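**Q** got a predicted structure here, sequence first:
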Amino acid sequence: MDTGAAYGLWPLVIMNTALFAVFAASFFRPRTGRDWRAMSAYSAFLVALFTEMYGIPLTVYLLSGWLGSKVPGLQATHAGGHLWNDLIGWNGDPHVSPFHLASYAFIGGGFWLIATAWQKLHDAARAGALATTGPYARVRHPQYDGFLLIMIGFLLQWPTIPTLLMFPVLAFVYTRLARAEEREVAAQFGDAWQDYAAATPAFVPHRRQARPAAHSRADRRPHQRQEEGS
């Protein structure tokens, strides 16, 4: 393969996949079987992403014949893999394009959300209480939101056919995992969870967030995660 195309670099595929997976795991702290399923879904997305970013540009090959005459910038080079830039005719450095800069914000925000939410959940677990502060005051599953933000960031930076198809599937998987986790926590915390869930959306925060009801002493039982991804 042409070295100028910056593809066929399989060590970079492995290194980047491992780097972002380990980085996320260090914030996410997976422990349960569902935690590891959430991490596995995220890792599968990374494998698909970096395989096309540094290995085989399947999406570029498939689209270049179809859109090649209409989008001259769509070429089987590393720069050509930034498909959003090609479609808007961006001629500058792809790494400072509006899409790429936005991707940094989404990826960084996603990692920040995962880390911050884990700390609040850890503090609540030590107190035997329901986590309702920090990101948990706005949504019930901030760590899942963090993973989705990271994926959106990568899609803004380097969209591919496999990852675009995987994203809604992974969003559905995370929703299923979150619902399963909620059933367990509802059984553990009873009315306190019901009050919190009624006032706090699952994934998309309200503009104005009502404060969850105060918890009684009876609710301070051994903590069980209300967030699958924690």
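**A** It's in.

**Q** now stretch 25-36: average pLDDT?
**A** Predicted confidence along stretch 25-36 averages 88 (mean pLDDT).

**Q** which residue is the nearest non-sequential neighbour of Tyr136?
**A** By the measure of C-beta to C-beta, 6 or more residues apart in numbering, the closest residue to Tyr136 outside its immediate chain neighbours is Lys120, 5.7 Å from it. Glycine gets a C-beta too; all of them are placed from N, C-alpha and C.

**Q** any weak-confidence spans in this protein?
**A** Low-confidence regions of the chain, defined by pLDDT under 70, span residues 1-6, 60-81, 208-230.

**Q** need the residue closest to the centroid of it.
**A** In the chain, the centroid-proximal residue (C-alpha atoms, centre = their mean) is Phe147; its distance is 1.9 Å.

**Q** isn't it right up against Ile114?
**A** Yes - counting by C-beta atoms under 8 Å, Phe147 touches Ile114, with 7.0 Å between them.

**Q** is the residue nearest to the centre of the chain in a helix, a strand, or coil?
**A** When the structure is split into helix, strand and coil by DSSP: H, G, I helix; E, B strand; the rest coil, Phe147 lands in helix.

**Q** what do you get for Ala129?
**A** coil.

**Q** and it, how far is that from Pro205?
**A** Between Ala129 and Pro205 the distance is 21 Å, computed by C-beta to C-beta, to the nearest Å.

**Q** what about those two, which has more around it?
**A** Of the pair Ala129 and Pro205, Ala129 is the one with more neighbours under other C-beta atoms under 10 Å, namely 17 against 14.

**Q** excluding its backbone neighbours, what's nearest Pro205?
**A** Computed as C-beta to C-beta, 6+ apart, the closest residue to Pro205 that is not its neighbour in sequence is Arg138, at 4.0 Å.
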